[in-house]
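A.B. asks: Need a 3D model of the following:
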Amino acid sequence: MEHSKLDVIEKLSQIFFQETLIMNSAIDIEKEKSKVILQAKSNRLNELSKRSDELLNSLIQLERERYNLVENLIEIYKDRIHSREITLSNFIKVLYEIQNDYHDKQQYQKDIDQLLNALEKFKQSSNELKQEVEINQKLLQRTKSIISNLIESIEKKDKTYINFKNKRVTSNALLINHSI
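C.D. replies: Numbering: from 1, shown residues only. Have a look, this model is predicted:
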């Protein structure tokens, strides 16, 4: 059983690493989106948004895989940790239980260090991605507000664009013969 637990810890590290790579790609896309928003290039923004959605779907699949691995570990140790609930605290308890089962403490420490390193990079990328998304949301909101104000200003100042649908224009009408 020790070998499969080792594999699970390594697999979790790999998943966090893969998620971090995908998030870093998403960060690059979000940074490009910022430029595109400022340049008002809607077609390019749509392309980037589609790529972001694809990355998000990949992240969802990896997250599901990671969740299943943690769920399996907790299931294995449910009697020792006195819980089946899938929580971070139960996961940490399971890691301690795995440590107690390992004969090769150095290998365990190496695997845990790798997992913690992957988690730290995951956390950093996650925070950076969140910041970039928030920046773009603010840029989009600001752009929308500017456009709305511009349209409102034009409608108020320029009578050329007023809707004459319900008004009859009869006084001093000028008829032009287009055949001349």
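
A.B. asks: Check which helices and strands the helix or strand containing Tyr67 sits against.
C.D. replies: Here Tyr67 sits within helix 42-76, counting by DSSP states H and E. Applying 3 or more CB pairs under 8 Å, 6 or more residues apart in numbering; DSSP states H and E, we find helix 42-76 packed against helix 2-39, helix 88-101. Just so you know, the C-beta spots here come from the backbone N, C-alpha and C atoms, and that holds for glycine as well.

A.B. asks: If you count neighbours, what's buried in that helix?
C.D. replies: 45, 48, 51-52, 55, 58-59, 62, 65-66, 69-70, 73-74, 76 (16 or more other CB atoms under 10 Å).

A.B. asks: ok, so of these, who is nearest Gln18?
C.D. replies: Nearest to Gln18 out of the buried residues of helix 42-76 is Leu62 (CB to CB; 5.7 Å).

A.B. asks: In contact with the closest one, which residues?
C.D. replies: When contacts are counted by CB atoms under 8 Å, 6 or more residues apart in numbering, Leu62 touches Ile15, Gln18, Glu19, Ile22.

A.B. asks: try Glu97
C.D. replies: So Glu97 contacts Tyr77, Arg80, Ile81 (CB under 8 Å, 6+ apart).

A.B. asks: Filter those residues down to just the buried residues.
C.D. replies: Tyr77, Ile81.

A.B. asks: elements contacting the one helix or strand Lys130 maps to?
C.D. replies: If you go by DSSP H and E, Lys130 is part of helix 105-157. With contacts taken as 3+ CB pairs under 8 Å, 6+ apart, helix 105-157 sits against helix 2-39, helix 88-101.

A.B. asks: Model confidence at Gln61, what's the number?
C.D. replies: Per-residue confidence (pLDDT) for Gln61: 97.

A.B. asks: quick one: it from Arg51, how far?
C.D. replies: With distances taken as CB to CB, to the nearest Å, Gln61 is found 16 Å from Arg51.

A.B. asks: try Ser148
C.D. replies: Taking CB to CB, one finds Ser148 at 28 Å from Arg51.

A.B. asks: same thing with Glu134?
C.D. replies: 19 Å.

A.B. asks: got a list of what the nearest residue to Glu30 once chain neighbours are set aside touches?
C.D. replies: Spatial nearest neighbour of Glu30, chain neighbours left out: Glu132 (3.6 Å); criterion: CB to CB, 6 or more residues apart in numbering. By CB under 8 Å, 6+ apart, Glu132 lies in contact with Ile27, Glu30, Lys31, Ser34.
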